[in-house]
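J.: mind folding the following:
(one chain, ligands or ions: 1)
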Amino acid sequence: MTEELVITCIVCPMGCRIRVLKKDGEVIAVKGYSCPRGREYAVQEATRPLRVLMTVIPCINGDLPVVSVKTSKPIPRDKLLEVSRYLASVSVEAPVEIGDVIVENILGLGADIVATRPCKRVKN
Ligand code: SF4
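T.: A predicted model of the protein is given here:
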């Protein structure tokens, strides 16, 4: 079976519209890209799209009720829900600094969950 995907490249502000032709799940042609980075992005999107997950988790004894976190690198889009469900049971004790690893190698995906803002300790 042949299918054509039209993907808007978001790697740079040019926003090229790239056509990816797939046959039986395999990429057989890529058209419309203006540089190799765009081609790579389109093929990734057409085969296994990746996303950075951003969310918040509770910060216990902190000056804020939650601390914002993100994955240290993009993870497969089809794993976002599973990771979000896992993080729903995670909390962290203040203090937290930017870049602190909250969960290492989340679900074995090779990405860590890291803090993106600090949370100071306000109680003992
Ligand atoms: S294909 Fe290249 S030039 Fe076009 S939007 Fe993507 S990165 Fe930018």
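J.: distance of the closest residue to residue 74 other than its chain neighbours relative to the ligand?
T.: Distances taken as Cβ to Cβ, 6 or more residues apart in numbering put residue 50 closest to residue 74, at 3.5 Å, once the chain neighbours are dropped. (Glycine included, C-beta is placed from N, CA and C.) Between residue 50 and the ligand the computed distance is 15 Å (Cβ to the nearest ligand atom, to the nearest Å).
J.: quick one, phi/psi of residue 50?
T.: With angles defined as degrees, to the nearest 10, residue 50 sits at phi -120, psi 150.
J.: now do the contacts for it.
T.: By Cβ atoms under 8 Å, 6 or more residues apart in numbering, the residues touching residue 50 are 44, 74-77.
J.: which strand residues bridge it?
T.: Per DSSP bridges, the residues bridged to residue 50 are residue 76.
J.: and this protein, what are its domains?
T.: Following automatic domain parsing, the chain resolves into domains at 2-47, 54-115.
J.: can you tell me the distance between the two ends of the shortest one?
T.: What that stands for is domain 2-47. Domain 2-47 stretches 14 Å from its first residue to its last (Cα to Cα, to the nearest Å).
J.: mind checking how far that domain is from the chain centre?
T.: 19 Å (Cα atoms, centre = their mean, to the nearest Å).
J.: please see if that domain touches the ligand.
T.: Yes: on the criterion Cβ under 6 Å from any ligand atom, domain 2-47 is in touch with the ligand at 9, 11-12, 14-16, 33-35, 37-38.
J.: quick one: low-confidence ranges for the protein?
T.: For the chain, the stretches flagged by pLDDT under 70 are 123-124.
J.: not counting residues beside it along the chain, what's closest to whichever residue of it sits closest to the ligand?
T.: Evaluated by Cβ to the nearest ligand atom, the chain has residue 38 as its residue closest to the ligand, separated by 2.0 Å. Closest residue to residue 38 apart from its sequence neighbours, by Cβ to Cβ, 6+ apart: residue 9 at 4.4 Å.
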